[in-house]
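**Q** give me a model of this one.
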Amino acid sequence: MAEAGKTKRWHPVEGANFTGLKVRNSLVSNDDTAEDALLPFVVTSPGTVKWYICGPTVYAPSHLGHARAYLTFDIIRGILEEYFGFNVTYAMNVTDIDDKIIQRARENFLYDRWTAQHKTLSDAARKDLLIAATADAAAKAEKIKTKVAEGADEAMIGLIKKQEAEATGLIAAVQSADGASYADVVDKARGALSNWLDKKLKESGEVLKNEIFEALPRKFEKQFFEDMQALGVKPPSVLTRVSEYMPDIVDYVKKIIDNGFAYASNGSVYFDTAKFNARHKYRKLCPPAQSDSKADAALLAEGEGALAAAQTDKKTDNDFALWKRSKVGEPSWESPWGNGRPGWHIECSVMASAVFGENMDIHSGGIDLRFPHHDNEMAQAEAYYQNHQWVNYWFHAGHLHIDGLKMSKSLKNFVTIRKAIDPETGTTTPRALRILFLLNAWDKPLNFSEGQLKQANAIEMQFSKFFQNMKVELRDESANRPKRWSEGSGEQELWQFLHAMQGEIHEDMQNNFRTQPIMTKLQELVKRTNMYIVKAKAHSHPQGYILAQVAAYITRIFKAFGLVGRVGDDWLIEAGSATASKGIGFGSDEGASSKEAVLGPVLDILAKFRAQVRDEAVKGKQSMLLDLCDSARALLLQQGIQLEDRDKKASFKFLSASEKRAIDKEAEQKVLQAKKAKVAKAAKAAKATTAASKDAIPPEMLFKQPADSFSEYNDKGFPTKLADGTVIAKSAAKKLAKQLKAHTKKHKKWLKKQGNATA
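**A** Reported below is the predicted structural model:
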């Protein structure tokens, strides 16, 4: 591109490949919500989208923050592929060499090696544990002083004090440990022990093999893709790993130096931001004028990593590492500048360039990557290719918050993907989680809360029931015999509403993938269709082809959103056939399409047979046959198949996992309520029995039971003295007389119930 364009943040893409789609591009606007801030989406190759997404840094389990980014962009990818018809090449990297990975892998190795050497509570083992625990407690105490001096808030200081107390408690645990508690103490001391061993390693100068740093990222890479599969995220077209691109990285850094935008210093190589900014534009995504300098400094330091070299190696604080000289306990690779390893930002520049070269359509990631990672990544590539626009459109997913707060382990609101969607203990399902994301703008903050989850779960259930009802209606022979529209049956109104919704939804799709209003419009379409069915049945029967069009359209949108598996649209309506609804809706569990195709005809016969037996049983009042029908229904329900009697016709539904859980839970509640009712009834009966038993006592015997309350009575059985011989006071006698009068009335009623005419 022309040198004159170096000061521009974004250059409109040349060509006639405009799709009508407009998108938010972080190169132009980060916060503006006005429609005029959206840019026409123009691709460089007709019908093709070249897209690179920053993948995971694999050193720990994937959490909901990862889900926010990868589910969000899976939805947009699906819209581009399934709705707009683009061929998307979706490249993702795996960062398997990084400061956090190196630190965690080294500590794991040192801890495992120490525990292998100290399997019993020897004097040497206890000594090491005490030194490690004492050092940890001292470090926490020093951290408290630092935070107080910095004016940190009380919550932060309180958290560190809690950590200090735990460290002090560890010292006591080590001192009192015996052979039986040794394994537990070592496990509790893992963090403190690993830190101390790490410090010892650096002092010793021991060289570790690169292989030591491979097991940890391989483990969590596997877990990450398992989590993505569980969420229904489509695999990338191309997958790259940093460890596989080391020669490419060295060559890339060489060329940036040759182009005059980097310099070597003390075995490391740094990007020269001042020289780059003189000929290009640095920080196009997050210009300094739009950010906080103090916050920027912290982000830059974090981007350099905890294991970064001394700041004195760099010309300015803004310069960042392309190649880091390896220190003790770090993996290393050969380079012209000495043994070292790549900086974080250069990794993505190299891997994305290896796939797409000097230009791509989309680059995406979480909003937290905008600066410094993406700004630096872009600067490196533009310095390498000496152009002014390596990426045409930058997409950044909004932050995810848990109940309004940023997710963090210290706040105890850190949620892993596996925990969130666990079938037994999780708070949501993969489909409901995707719906929750669809209910929020992809480029704005998203609040993961109980209220949002309930809404998403309810919407999942609403559409699931709708699709099941459509399948039932389309299996009905009468629905698949077209007839002339009749006045007031609602066919024309439904067609008009469907066409109107299709037009509005298309505009929403073109307007920066506005999924939230689309979900609302689809809910209204479901509502109108259900109303039409009721109205049509009052005249004759619903038109099958109208229902099929509505269901197929919603299914098409849901395929684009990833709510429905992409199994093709080759369904065919056959009158009264179980295959009439093939390809519509969510389907049931894994293997749903084959299960429905094979079992559908059989279940149709079974449902009709049960209905006939039930009808005959009702006529003849054969309770045993009715019980057998209910039993068959219950057994099928256990298998996720629900038999229904609709409009005097038998039918069936395949239940999704979430629907079956809801029905099972409802059944459990009914059983519990029945048990409670039974207990309450028994208590009531017992109370009534007790009351009746008391009412049977003759009035003259009322105060003689129990016998130890009074010592003397008059001739009518009324007490005159208490058990200790004291004469009963007038006020007390008055109360006893009132009690006797009330009992006499109850006794008379009791006698009447017994048939005693003299009562």
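
**Q** how far off centre is stretch 20-32?
**A** How far stretch 20-32 lies from its chain's middle: 26 Å, per CA atoms, centre = their mean, to the nearest Å.

**Q** quick one: contacts for Trp440?
**A** Heads up, residue 440 is Asn, not Trp. Going by CB atoms under 8 Å, 6 or more residues apart in numbering, Asn440 touches Gly398, Leu446, Gln516. For the C-beta atoms, the positions are set from N, CA and C on the backbone; glycine is no exception.

**Q** what about 10 Å?
**A** Residues counted as contacts of Asn440 (CB atoms under 10 Å, 6 or more residues apart in numbering) are Arg68, Thr72, Gly398, Leu400, Leu446, Asn447, Phe448, Gln452, Thr515, Gln516.

**Q** per-residue pLDDT, the third one?
**A** Here the pLDDT value assigned to Gly398 is 94.

**Q** Glu590 now?
**A** So Glu590 comes in at 39 (pLDDT).

**Q** next one: Ala308
**A** At Ala308, the pLDDT value in this model is 61.

**Q** remind me, longest helix of the chain?
**A** Ranked by residue count, the top helix of the chain under DSSP state H comes out as helix 657-695.

**Q** just checking, what packs against it?
**A** Contacting helix 657-695 under the criterion 3 or more CB pairs under 10 Å, 6 or more residues apart in numbering; DSSP states H and E are the following elements: helix 430-438, helix 450-475, helix 623-638, strand 641-646, helix 730-753.

**Q** point out the most buried one among the ones you listed.
**A** Ranked by mean neighbour count under mean count of other CB atoms under 10 Å, those are led by helix 430-438, which reaches a mean of 24.

**Q** report the angle between it and helix 450-475.
**A** Here helix 430-438 runs at 120 degrees with respect to helix 450-475, directions being taken by axes from the mean of the first three to the mean of the last three CA atoms, to 10 degrees.

**Q** tell me the helix or strand right after helix 430-438.
**A** Proceeding C-terminally, helix 430-438 gives way to strand 446-448 as the next helix or strand, assigned by DSSP states H and E.

**Q** in the sheet, which strands lie alongside that following strand, parallel or antiparallel?
**A** Applying DSSP bridges, strand 446-448 is found paired with strand 400-402 (parallel).

**Q** hmm, who's touching the strand it pairs with?
**A** With CB under 10 Å, 6+ apart as the test, strand 400-402 has contacts from 63-69, 72, 366-367, 406-408, 411-415, 437, 440, 445-449.

**Q** and the next helix-or-strand element following that strand, what other elements does it pack with?
**A** Sequence-wise, the next helix or strand beyond strand 400-402 is strand 405-406, with elements assigned using DSSP H and E. Other elements packing on strand 405-406 under the criterion 3+ CB pairs under 10 Å, 6+ apart are absent; no helix or strand qualifies.

**Q** hmm, who's touching strand 405-406?
**A** Counting contacts by CB under 10 Å, 6+ apart, the residues outside strand 405-406 that touch it are Gly65, His399, Leu400, Leu411, Asn413, Pro445, Asn447.

**Q** quick one: strands adjacent to that strand?
**A** As assigned by DSSP bridges, strand 405-406 forms pairs with strand 400-402 (antiparallel).
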